[in-house]
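*Asks:* turn this into a structure:
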Amino acid sequence: MSKIVFVVFAVALVALATGFAVSSGRKPTGELPDLTGTWASWRSSFRITNASGHYEIDVTSPDGFLGGRYSGVARAAALEVAGPISALCGEIRYVKDSDKLEFCGEEFERTAQREKSAAPLGSSTGAEMRDRRS
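*Replies:* Sure, this is the predicted structure:
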């Protein structure tokens with residue numbers, strides 16, 4: 001009888017330790033920069049909001065592949081997401097060197113940065129160049 005009690009106690013301790021490890025692993029980490037705002041790739045765009053470490057990501061995709069609403073939790077250099085295609089692509093990775101996001105084969109950059117990089121030197125926006133040409 002004492003062996004059965006010991007085994008049940010040991011199994012309960014292992015289950016408790018596993019549950020604690022899983023729950024602590026799902027807490028948001030502070031390793032990501034502020035990702036809130038609008039991000040865009042060549043065919044899709046994100047609108048990311050953050051409330052107490054829980055991210056909401058609205059994806060607009062004209063072909064409908066990535067489109068939808070996702071929720072995520074920060075983990076190291078990625079957001080672990082749940083949403084329409086999270087079974088295929090379960091994370092949005094942050095690439096520190098380029099300050100870009102990668103999701104399901106697409107690379108996203110902040111839209112303000114995209115406008116700056118598209119503007120010619122000496123011009124603050126691409127719209128100013130279009131106005132000058134008219």
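
*Asks:* what's near enough to touch residue 80?
*Replies:* Counting by Cβ atoms under 8 Å, 6 or more residues apart in numbering, residue 80 makes contact with 26, 72, 73, 74, 90, 91. No exception for glycine: its C-beta is placed from N, CA and C like everyone else's.

*Asks:* A helix includes it, no?
*Replies:* No - Residue 80 sits outside any helix when classified using DSSP: H, G, I helix; E, B strand; the rest coil, being strand.

*Asks:* can you name the residues bridging to it?
*Replies:* Residue 80 forms beta bridges with residue 73, residue 91, as assigned by DSSP bridges.

*Asks:* confirm for me that residue 37 is in contact with residue 109.
*Replies:* No - with contacts counted by Cβ atoms under 8 Å, residue 37 stays clear of residue 109, the gap being 10.8 Å.

*Asks:* tell me the contacts of residue 65?
*Replies:* 85, 104.

*Asks:* sec struct for it, please.
*Replies:* Quick answer, by three-state DSSP: residue 65 is coil.
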